[in-house]
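A.B. asks: With the sequence up front, the predicted model follows.
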Amino acid sequence: MFESLSNRLNEVFDRLRRRGTLSEDDVGAALREIRIALLEADVALPVVRDFVAAVRAEAVGQAVLRSVTPGQMVVKIVHDHLVKVLGGEEERGPSGGPAGLDLNAPAPVAVMLVGLQGSGKTTTAAKIGLRLKTRERKKVLMASLDVQRPAAQEQLAQLGRQTGVATLPIVAGERPVAIARRALQVARGEGYDVVLLDTAGRLHVNEELMLEVAAVREATTPHQTLLVADAMTGQDAVNVAKAFAERTGLTGIVLTRVDGDARGGAALSMRAVTGKPIVFIGTGEKIDALEPFHPARIAGRILGMGDVVSLVERAAETADKDDADRLAARLEQGRFDLDDLASQLRQLRRMGGMSSMLGMLPGIGKIKRQIDAANLDEKLLARQEAIISSMTKSERKNPKLLNASRRIRIAQGSGTSVPEINRLLKQYQDMAGMMKKMKKLGQRGLMRHGLSALMPGGGGFHR
């Protein structure tokens, strides 16, 4: 979502870093470019003005201009103010992480989702329900109050069956307020911890929508009211957020479709315009593609600093412990076959693919053009898995068996080509060679020679 903004800002910072000293004119010129970049990213004008003024006040100080690395100091100031705009430190939870969804209230806790039609409210309700069920061990009941859109209630019911989260039985002809009251009654009677109320939307903000949301709010007094907004709508999403904040007692925001080509202005503007935190972001179409919003991590991604913490967390969440333990034991023995490679390919796919991972690595913005030119095909991982799956067990254990006729058979069975199989086997041979070097060098050898010892023709035991 922030790719265009990130590229523009990093061009400005690269020029600043190349200068040994900075004058007020240099900082002023950089801030003008930052202002243009923010406006082009659909950040609200008042937010841009306040942001640039706050950065200027610090960036032209003598402590910065006389610093040994003034360019880096300006980058740090911009980063710190981005964090403030996106949410700041005051919204951190007790464990030091993001504040998240506040459920600190007597059960059943009512959480109402509001927003325009097409913003992804129903899918988001299911994503939140799944997250609360699996991560926080909450007993969740979802209820669709959308009697405007055909089959909206059935859509939530299907998502409930898919995620294993309970949904309120549908009663034909029942109105939204009555549905909401019945949901709370069922939740109290059956011991639910959380009730998610998925309200109806409209194509645009109007009085009918606001009156319906207000009636549901009065009947249920929800502990949390979350606006679900589509990040792709840019500046209009900010206007929608402002309207809901003024009329519905908004407590938080969920941004959907942040994995698309949105310019990022909505995320940068909503917190400042509404005063309400962004609680979650939808990062894909899959039902588990929902992440807590970390202001500092998002600021790091925008400025090309990466988000290694999120990358590690994603790896930990998607990793199969038994597979990891088995692979670790085999690596200690210097053994690595095609079944092990297939396991690693599956892990990469669970983590969101190469593009998703690369976007979280520090400094990746500087080589983004080269990566784009390489035309990484996210389907490549699935094709490589298909190739390995088309091999016999003995072939996966001993790739030396793969002669020309066997490779033709595997290509036909996997719907790929012999050159693709050859490339996969070359990749496997390189990885297997590294594993053997790791075993031969041992921990002390790696510490002594460094990672260069693992590279082809590297140090270590070749000497």
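C.D. replies: On my side now, so go ahead.
A.B. asks: Sort out which residues of stretch 284-296 are buried, please.
C.D. replies: For stretch 284-296, a neighbour-count test (16 or more other Cβ atoms under 10 Å) marks A289, L290, E291, P292, F293, H294, P295, A296 as buried. Quick note: C-beta positions are derived from backbone N, CA and C, even for glycine.
A.B. asks: Which of these sits closest to A386?
C.D. replies: Set against A386, the nearest of the buried residues of stretch 284-296 by Cβ to Cβ is A289 (23.7 Å).
A.B. asks: tell me the contacts of the closest one?
C.D. replies: With contacts defined as Cβ atoms under 8 Å, 6 or more residues apart in numbering, the neighbours of A289 are K127, D259, G282, T283.
A.B. asks: Go again with 6 Å.
C.D. replies: When the contact criterion is Cβ atoms under 6 Å, 6 or more residues apart in numbering, the partners of A289 are T283.
A.B. asks: again, but for the one 10 residues further on
C.D. replies: A299 sits next to H79, L82, V83 when contact means Cβ under 6 Å, 6+ apart.
A.B. asks: Quick check: the last one vs S405, distance?
C.D. replies: The span separating V83 from S405 equals 60 Å under the rule Cβ to Cβ, to the nearest Å.
A.B. asks: Neighbour count for these two, which is higher?
C.D. replies: Using other Cβ atoms under 10 Å as the criterion, V83 and S405 rank with V83 on top: 18 against 8.
A.B. asks: could you say which helix or strand contains that one?
C.D. replies: Assigning secondary structure by DSSP states H and E places V83 in helix 70-86.
A.B. asks: just to revisit the earlier point, output the buried residues of stretch 284-296 in a markdown table; the columns should cover secondary structure, distance to E218 and pLDDT.
C.D. replies: Output for these, formatted as a markdown table (DSSP: H, G, I helix; E, B strand; the rest coil; distance: Cβ to Cβ, whole Å; pLDDT from 0 to 100):
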| residue | secondary structure | distance to E218 | pLDDT |
| --- | --- | --- | --- |
| A289 | coil | 33 | 84 |
| L290 | strand | 29 | 87 |
| E291 | strand | 32 | 83 |
| P292 | strand | 30 | 84 |
| F293 | coil | 29 | 83 |
| H294 | coil | 34 | 79 |
| P295 | helix | 33 | 79 |
| A296 | helix | 37 | 75 |
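A.B. asks: which of those residues lies closest to D26?
C.D. replies: The closest of the buried residues of stretch 284-296, once distances to D26 are taken by Cβ to Cβ, is A296, at 26.9 Å.
A.B. asks: ok, and the closest non-adjacent residue to that closest one?
C.D. replies: Distances taken as Cβ to Cβ, 6 or more residues apart in numbering put V83 closest to A296, at 5.1 Å, once the chain neighbours are dropped.
A.B. asks: Low-confidence bits of the stretch 301-450 of the chain, can you list those?
C.D. replies: By pLDDT under 70, the weakly predicted segments of the stretch 301-450 of the chain are 301, 304-334, 348-378, 436-450.
A.B. asks: Hmm, G249 and K276 touching each other?
C.D. replies: No. Judged on Cβ atoms under 6 Å, K276 makes no contact with G249 at a distance of 10.1 Å.
A.B. asks: So the two - more neighbours on which side?
C.D. replies: When K276 is set against G249 and neighbours are counted by other Cβ under 10 Å, the residue ahead is K276, at 20 against 16.
A.B. asks: In a strand, that one, correct?
C.D. replies: No. Residue assignment for K276, taken from DSSP: H, G, I helix; E, B strand; the rest coil, gives coil, which places it outside any strand.
A.B. asks: residue ranges for the helices of the stretch 1-150 of the chain, please.
C.D. replies: For the stretch 1-150 of the chain, the helices defined by DSSP state H, counting those that start in this stretch occupy 3-17, 24-40, 45-59, 62-65, 70-86, 121-135.
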